[in-house]
Structures are given as C-alpha cells and as structure tokens.
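**Q** Task: produce atomic coordinates for the following.
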Amino acid sequence: MSGHGDAQPMTAHKSGPLRGTASVPGDKSISHRSLIFGAMAVGETKITGLLEGQDVLDTAKAMRAFGATVTQHGPGAWSVQGVGVGGFQEPADVIDCGNSGTGVRLIMGTMATTPITATFTGDASLRKRPMGRVTDPLALFGTQAYGRKGGRLPMTVVGAANPVPVRYALPVASAQVKSAVLLAGLNVPGETVVIEREPTRDHSERMLLGFGATLNVEKTAEGHVITLVGQPELRPQTVAVPRDPSSAAFPVCAALVVEGSDILVPGVSQNLTRNGLYLTLVEMGAEIEFLSPREEGGEPVADLRVRFSGAMQGIEVPEERAPSMIDEYPILSVVAAFSEGRTVMRGVKELRVKESDRIDAMARGLEACGVRIEEDEDTLIVYGMGPGGVPGGAICATHLDHRIAMSFLVCGMAAKAAVSVDDASPIVTSFPIFEGLMAGLGASLSRG
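**A** Modelled structure (predicted):
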C-alpha cells in the first residue's frame, strides 16, 4: 500500500531505440513558487506551463486554504488572485501537502510571520521527513512549531505576532530552507539576511525580484549573502514556467543508455543552479547538444538533442556540484552503471533525508540488478558494467519515492532482463505523464 492509494507495480523491459520529441512538464520548483508568490501579491498573477502533478496541486489547494483565489483555466494555465504580504487568513482545516517537502517547507515559511495558526500533514513518506531544518530558523523570527518526535509531521505552526528580522547562515546547502527563511522575511520589518556557503537553486531570488521585492545578493568570504528588505507590496506577474530539468533527466538518461536512441527534449531550464547533471553527463562523454539557447520567463532554456552514448566513462563528480544536481543522483547512478569504470559521487548525504534515503534505495536496487556498489554516509560509488552490461532482473523497492521509481524503470529499459518497481504510484507527484511520454518514445513498460 502506498501513500497515494493501492501500490502500482510497473516493469520496464529491454527497449528498442527511443525516438521522437519528449515534451516534459513544467518545472516543479518554479510551479510551487509561482503559486505561492502569486498568493502574496496584490492582484492577479497569470501562470502558463504550470506542472499539474500532485505536489503542485496540493500547493494550489493550500493557497486557497490561506485565502487566495486559485483558478485553472486550461492545461497548465492558471491564475492566482493574491491577498498581499501578511494577508494570509487562518485555514479552517489541516493543510495536507501530500508528498511534497518543497511545498510544506515553503508554505511554513510563508505563514511563519503572520499571526495565524496552521497544522500541516502529508503522506507516509512526508511524515518521515525532518522539519526541524526549517522550523529552527523560523523560530528565530518568533514562530513556534509543535510536531511529532524528531520534528516530524503532523505539525502545528503558530505564526509570530511581532516578528523580528534575522541573519541566518545555512548549516547545509538547501534551497528549501533558504526559501522558507526569505519567504518569512517578507512580512518582517527591516532586513532579513541568509548566508549560503554553497549556491543552491536561485528560483526564489529570481522570483522575488520579478514580483517587486528589494533583494541583493553579494558574494563574500562567508559565501553568498542574500539580503531581503521586508514588507514590500509584491506586484502580480505573468509567469511562464520552463520545462523541468529534473524531469527531463529521465528521458535524457534513457536515451543515453538505450542503444540506437535519438531524441529531442525541448525548452529545458538551463539555470546554472540546476544544470549539474548535464555538465556531469557531458564530462562522462554523453552526446548531448544544447540547441537554441534562449530566455523564457526569466530563466535560461535550451532544446536538448540526445543520442545513445556507448562510450561513456565513469568520473569523480565534483563535490561542490552536489547542490545543483541533488535530485539527479539517483538517475545518474543508473547511467554510471551502464558506463565504463568507476563513478564516484561525494557530498551527497542530503540524499538520505529526501522522500526516501536515496543513497540506500539506489544502492540496494542496483545491487539487486547485479551492479557493484560502495557507499558511506556521504558517498555513493558505482562500478560501471558498460553499455547493455547490467544484468537487471530485479524487483526494486521505491520507498514511496518518485525519483527512485523512475530511475529503476529507466534501468530496465537498457538492462539485459526486465526491471520492476514495487510501486510506481508516487511518479504522479512530479511527472504525471512519465509513462505515456516514455512509451511514446518507444520504451516498453507494463503494469502489474
């Protein structure tokens, strides 16, 4: 039984060449933020290309619960009538954020400096994830949080009645924590300062500026120092959501390892804080062309032409690259299994507190598929078996994690024997068209 209803086993069989165009959904990070910032603006924000996965739909429901008017006008086309900074009303019921760590943490930050109380919960996977990394810095504003042992959901958050600005240095590289603190700082007089030693995805900073906030980013000896002036009146915007590089990773990596493949993935975000996987793949010898680079919705994008790459070599992935590709290590480990030599991924301990312990999940699943693995708390090493060399033939546990499910299904498309996952239902949270899109390219997938 999954957190989304009955478990949905799925199997990927060795596939013929993948061909065609893979139009992946809108970026999940930007979709969440466009709804939240729209709710904090005064007037109507219009959004196109919104990801309509369950995670984002749960954020839309939450914004309605806090008083914003959120309307769907067509596929990917939405509008948000905002209530202004500090205008959130107290929700009448518990806020269920489903599987979304991004959603719950950003929403907690958004309401943390408004004198209202809200209770948050989520599915079985989200209820296991630690919230202290967000509630600890929010407490500096005067916010109170009461949750289960270990700072886990369900959790009640009491917004600060007289919030004070804070200066906070991130102990770990986390865009979610950074964004939560900045969102809380919007409703605080004075300047809120966040310091990150390593740069993380900067969608919140870009969107804050776009919506009219006063924000400055300075590179110093401490790291990136982000200063936000509180209590602005945010202006509604028209937001065009680019396609998600984390979702694009799955058809891209499938094409790299399935012999004879040649696909086009249009309009993928190339934000420098999100493109670590693509830099790494090119260093491994992947045949990826970045065509028609341009800017859409304030984000750099490009069309990706991807061909089967049988000569990929394992590498040591630079540790400092981890924040820009933290969600992509599971699918990178699959590519590494079909490459020659050893791929070393260090600085990845953040993977242990995602939707699942992703290091453990990938290590156990790849071992079941016949791949040699080494790991410690902060490192994953994959010993490649070359093109088509992975035996496969395993049933892999997804642990209610969408990226684990999709990664092992990609593995099965190129392995000698089919690879199954015990539950593919979580895929709907971020990539609801995954099955149809991959089948349309020629992947052989079956349910049950």
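**Q** Can you pull out the low-pLDDT segments for the stretch 251-400 of the chain?
**A** Judged by pLDDT under 70, the stretch 251-400 of the chain has its weakly predicted residues at 297.
**Q** can you do 80?
**A** Applying pLDDT under 80 to the predicted model, the residue ranges of the stretch 251-400 of the chain that meet it are 296-298, 353-356.
**Q** That one: helices as residue ranges?
**A** In the stretch 251-400 of the chain, the helices defined using DSSP state H, counting those that start in this stretch lie at 276-284, 329-337, 358-368.
**Q** Can you list the buried residues in stretch 331-351?
**A** Of the residues in stretch 331-351, 331-340, 342-343, 345-348, 350-351 count as buried by neighbour count, 16 or more other C-beta atoms under 10 Å. (Each C-beta comes from the backbone N, C-alpha and C, glycine too.)
**Q** now stretch 236-252
**A** Applying 16+ other C-beta under 10 Å to stretch 236-252 flags 236-237, 239-252 as buried.
**Q** try stretch 163-175
**A** Neighbour-count burial for stretch 163-175, with 16+ other C-beta under 10 Å as criterion, is recorded at 163, 165-166, 168, 170, 173-175.
**Q** can you give me how far that stretch is from the chain middle?
**A** Taking the mean C-alpha point of stretch 163-175 and that of its whole chain, the gap between them comes to 20 Å (C-alpha atoms, centre = their mean, to the nearest Å).
**Q** ok, residues contacting it?
**A** The set of residues that contact stretch 163-175 without belonging to it, under C-beta atoms under 8 Å, 6 or more residues apart in numbering, is 29, 112-113, 133, 137, 140-143, 177-178, 181, 184-185, 187-204, 222-223, 230, 273, 322-323, 350.
**Q** From those, keep the buried residues only.
**A** The neighbour-count test (16+ other C-beta under 10 Å) applied to these identifies 29, 112-113, 133, 137, 140-143, 177-178, 181, 184-185, 187-188, 191-196, 198-204, 223, 230, 273, 322-323, 350 as buried.
**Q** Which secondary structure element is home to residue 11?
**A** Using DSSP states H and E, residue 11 falls within strand 10-13.
**Q** helices or strands up against that strand?
**A** Packed against strand 10-13 by the contact rule (3 or more C-beta pairs under 8 Å, 6 or more residues apart in numbering; DSSP states H and E) you find helix 402-414, strand 419-421, strand 444-447.
**Q** and it, which strands flank it?
**A** The pairing partners recorded for strand 10-13 under DSSP bridges are strand 419-421 (antiparallel), strand 444-447 (antiparallel).
**Q** Give me the mean pLDDT for that strand.
**A** Averaging pLDDT along strand 10-13 yields 98.
**Q** if we look at that strand, which residues are touching it?
**A** Identification of contacts with strand 10-13 by C-beta under 8 Å, 6+ apart yields 405, 408-413, 418-421, 424, 435, 443-448.
**Q** how does it look with 6 Å?
**A** Counting by C-beta atoms under 6 Å, 6 or more residues apart in numbering, the neighbours of strand 10-13 from elsewhere in the structure are 409, 412-413, 418-421, 424, 444-447.
**Q** Before I go, just wanted to say thanks for your time.
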